[in-house]
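Enquirer: Structure of the sequence below:
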Amino acid sequence: MINNKNVSIIHDSKGKNVVLINDIRFRGKRSINWDDVDFDEKFFGKETVLPYTYESIFNIAGMEKAMTTLDTDIKTKTFRPMYLLYGQEAYLKKNYRNLLLKGLLPEGTEGSMNYTAYEGAGLDVKELIAQAETMPFFADYRVILVEDSGIFSKKGRKEDRDALAEYLASPAETCRFIFIENEAVKTYKVYKEIAEKGLVQELTAWKGDTLKRWILSRIGRSGLQITNDAYTEFCARTSTGTDASDTMTIMDNELEKLISYCADKKTIELSDVEEICSGQVNSKVFSIVDAIADRDEKRVMKIYTDLLISREAPVKIISLIEQQFLQLLKTASMVQNHVSSQEMTEALKQDWIVRKNRALLSRISAQEVRKILSRAEDYDYRIKSGKMDEQVALESLLAEAVRR
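Expert: Here you go, the predicted model:
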């Protein structure tokens, strides 16, 4: 194989040369709609998704400027006096926290005389200031980490927030601060001080192309590829909902298991995902909807029994079924109105949901979707108005849907 920084020339099974572009970079604000790119099916295989390189995430994922700035600080080891990372995505907060700590404290945090960590409510601001004013021991900086203090939210004590803001207006030059929080009010003075002198970044779960590139880069770095149907099923099984704080953490853990399981293979296939990835309640509801579309009563009842064994409330399952069929109806409407794949992805937030729903609509009509959705709403109303037992309602809904 001939190889340089950006291009490799590899050989197919017949010995013919194939040019493989490892990395693509642009000047200016350009992007690629990867749904419009055709790959050679004779070489790559019809169902194979090409993995992206790790660098591609930062080059073409279209991430916000602040995120790019945070990545640049870490990669160049040019650190600001203070950082505030907040939001509901636990995976990103944890990973960026660890990257900042590793850059600021190359020797590690354990046993370090130049590292102090505070966690939870009740932050003692006076003690924090005293630590910040202490000279570092044979090092350039002292590092202070504050996690989940709540001081940046409305629940935090105003006097503590004001005292911290006053100190951060003129902090010790030998101290670096990292604040990791769930919430932060942008109008507070302490927020503005950090935004002015350091960097503030809200961390929310990656979606669409950015999430796809992250998943494929993890797989690609392990020397693997993944088929389209396996990728779609993986996303469905690991999704916990759009507002969940642990979606990427769950995905990361499941990727570790999947990659280890497929270590001796070249491609992750659907059967591998089905064998290894157990799935969340959302994914099991996806599976129920899939079985309903196939009129597979046996599979519907098996998934339903699994949900009951895991003690999922029937009323919650009905609500999730409603959401899935509403989403399916929206997809059907967009298909009927010839909406592009890119616009569908923007509307439904994730490209794998678009593919999943379009596949379902080849086995169930929009009229049937509308009827099942109406019945789900009716049963939900009966439960909440006390007119029907929730388990009886769920069983009746499933029976009607699968025998439509």
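Enquirer: Any regions of the stretch 1-150 of the chain where pLDDT drops low?
Expert: 1-67 (pLDDT under 70).
Enquirer: where do the helices sit along it?
Expert: With DSSP state H, counting those that start in this stretch as the criterion, the stretch 1-150 of the chain has helices at 41-44, 54-60, 65-76, 90-104, 125-133.
Enquirer: deepest of these, which one?
Expert: Stretch with highest mean neighbour count among the helices of the stretch 1-150 of the chain: helix 90-104 (a mean of 18; mean count of other CB atoms under 10 Å). For the C-beta atoms, the positions are set from N, CA and C on the backbone; glycine is no exception.
Enquirer: Off-centre distance for it?
Expert: Distance, stretch centre to chain centre, for helix 90-104: 16 Å (CA atoms, centre = their mean, to the nearest Å).
Enquirer: by contact count, what packs against it?
Expert: helix 65-76, strand 82-86, strand 142-147, strand 175-181, helix 247-261 (3 or more CB pairs under 8 Å, 6 or more residues apart in numbering; DSSP states H and E).
Enquirer: residues making contact with it?
Expert: Residues outside helix 90-104 that contact it (CB atoms under 8 Å, 6 or more residues apart in numbering) are 70, 73-74, 77, 79, 83, 85-87, 109, 115, 141, 143, 145, 147, 176, 178, 180, 201, 203, 205-206, 245-249, 251-252.
Enquirer: And the residues you listed, which of them are buried?
Expert: Taking 16 or more other CB atoms under 10 Å as the criterion, what is buried in those is 70, 73-74, 79, 83, 85-87, 109, 115, 141, 143, 145, 147, 176, 178, 180, 201, 203, 205-206, 245-249, 251-252.
Enquirer: now the helices and strands packed on helix 90-104 as JSON lines including distance to Val354?
Expert: Shown next, in JSON lines, are the helices and strands packed on helix 90-104 (distance: least, CB to CB, whole Å):
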{"stretch": "helix 65-76", "distance to Val354": "25"}
{"stretch": "strand 82-86", "distance to Val354": "30"}
{"stretch": "strand 142-147", "distance to Val354": "37"}
{"stretch": "strand 175-181", "distance to Val354": "34"}
{"stretch": "helix 247-261", "distance to Val354": "18"}
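Enquirer: Minimum distance to Lys192: which of these has it?
Expert: Lys192 sits nearest to strand 82-86 of all the helices and strands packed on helix 90-104, at 10.6 Å, using CB to CB.
Enquirer: other SSEs contacting the closest one?
Expert: Against strand 82-86 (3+ CB pairs under 8 Å, 6+ apart) you get helix 90-104, strand 175-181, helix 189-197, strand 199-202.
Enquirer: Mind doing that once more with 6 Å?
Expert: strand 175-181, strand 199-202 (3 or more CB pairs under 6 Å, 6 or more residues apart in numbering; DSSP states H and E).
Enquirer: domain parsing for this protein?
Expert: 2-60+207-276, 81-197, 281-402 (automatic domain parsing).
Enquirer: Return the distance of stretch 348-358 from the chain's centre.
Expert: Between the centre of stretch 348-358 and the centre of its chain there are 15 Å (CA atoms, centre = their mean).
Enquirer: Now that stretch: buried residues?
Expert: So for stretch 348-358, counting by 16+ other CB under 10 Å, buried means Leu348, Gln350, Asp351, Trp352, Ile353, Val354, Arg355, Lys356, Asn357, Arg358.
Enquirer: Residues touching it, excluding its own?
Expert: Outside stretch 348-358, the residues that touch it by CB atoms under 6 Å, 6 or more residues apart in numbering are Lys207, Thr232, Cys235, Leu328, Thr331, Met344, Thr345.
Enquirer: pLDDT on that stretch, on average?
Expert: Computed over stretch 348-358, the mean pLDDT rounds to 83.
Enquirer: And Leu84, how close does it get to Val146?
Expert: Remark: distance between Leu84 and Val146 (CB to CB, to the nearest Å) = 9 Å.
Enquirer: Can you pull the residues that touch both of the two?
Expert: Shared contacts of Leu84 and Val146, counting by CB under 6 Å, 6+ apart, come down to Phe179.
Enquirer: Is it correct that Tyr261 is in contact with Ile276?
Expert: Yes - using CB atoms under 6 Å, Tyr261 is in contact with Ile276, at 4.9 Å.
Enquirer: List phi and psi for the residue nearest to Leu123 when sequence neighbours are not counted.
Expert: In space, Leu123 comes closest to Ser149 once its chain neighbours are excluded; the distance is 4.2 Å by CB to CB, 6 or more residues apart in numbering. Dihedral pair for Ser149: phi -80, psi -30, per degrees, to the nearest 10.
Enquirer: Distance check, Ser149 against Met388.
Expert: According to CB to CB, Ser149 stands 46 Å off from Met388.
Enquirer: likewise Gln367?
Expert: The spacing between Gln367 and Met388, counted by CB to CB, is 25 Å.
Enquirer: between those two, which one's more packed in?
Expert: Counted by other CB atoms under 10 Å, Gln367 and Met388 do not tie: Met388 has more neighbours, with 17 against 10.
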